[in-house]
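*Asks:* Just to be clear, the model below is a prediction. Sequence and coordinates:
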Amino acid sequence: GALALLFGPAELRDRFWWVVLVLPLVATSLAPPVLNRALAFVAKKAKLGTSAPAISGTAVAAATFWSLVAWLLAGGQVWTLAVATGWEIGVDTFLLATAAYSLAWVAGFIMVFAPAGVGVREAVLGAVIAPSIGAAAAIAVVLLSRVLLTIADVVLGVAFVFAGRKHGVVSK
């Protein structure tokens, strides 16, 4: 998301330039030696034992790949909704939608007092896309995005419960 901000409008870069500064910290924290030390420290402090499973570079790379796919799909959902309100079709607007959604999701995740980031995610997403599409369109995109993703969560949850019951993974 931070890298995608670089492709957005200049006023967005001017407003959220500091997000790019976080990238080296995030990249360093995902390096297996640092990550494994951090996990061992947390396991020890949480009294879960002194050993935590080691995470390999391959596992981090695979998780990063699948996270990227998820962010691109979520950004695509926001972008599709924004295009329907008149936003220009282009790689730069797609990257901006992806950046906006990923930043909004992370902000909602960090604010643990808000269940599923409710309110926080919408405020950040709206703040990032409103300069490009206008306040009214941003509100429509933000609210419709939340509704669609909630429906998707419910449908997928129900489908997995039924699939789990069919295969004996979930009890009735």
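*Replies:* Sure thing, it's come through.

*Asks:* CA atoms for contacts and neighbours, from now on please.
*Replies:* Noted.

*Asks:* Can you tell me the centre-most residue of the protein?
*Replies:* For the chain, the residue sitting closest to the mean C-alpha position, by Cα atoms, centre = their mean, is S102 at 3.7 Å.

*Asks:* I'd assumed G75 was in contact with that one.
*Replies:* Yes: with contacts counted by Cα atoms under 8 Å, S102 reaches G75, the gap being 7.5 Å.

*Asks:* V112 in helix, strand or coil?
*Replies:* coil (DSSP: H, G, I helix; E, B strand; the rest coil).

*Asks:* mind listing what it touches?
*Replies:* V112 makes contact with no residue under the criterion Cα atoms under 8 Å, 6 or more residues apart in numbering.

*Asks:* any weak-confidence spans in the protein?
*Replies:* 1-9, 49-52, 170-172 (pLDDT under 70).

*Asks:* quick one: the helices in it?
*Replies:* 2-5, 10-16, 23-29, 32-45, 57-84, 91-110, 120-133, 135-166 (DSSP state H).

*Asks:* So which bits of the last one are buried?
*Replies:* Neighbour-count burial for helix 135-166, counted by 16 or more other Cα atoms under 10 Å, picks out 137-139, 141-142, 145-146, 162.

*Asks:* Can you pick out the most distant pair from those residues?
*Replies:* A137 and F162 (37.4 Å; Cα to Cα).

*Asks:* show me what contacts E122?
*Replies:* Counting by Cα under 8 Å, 6+ apart, E122 makes contact with 104, 142-143, 146.

*Asks:* Fine by me, we can end here.
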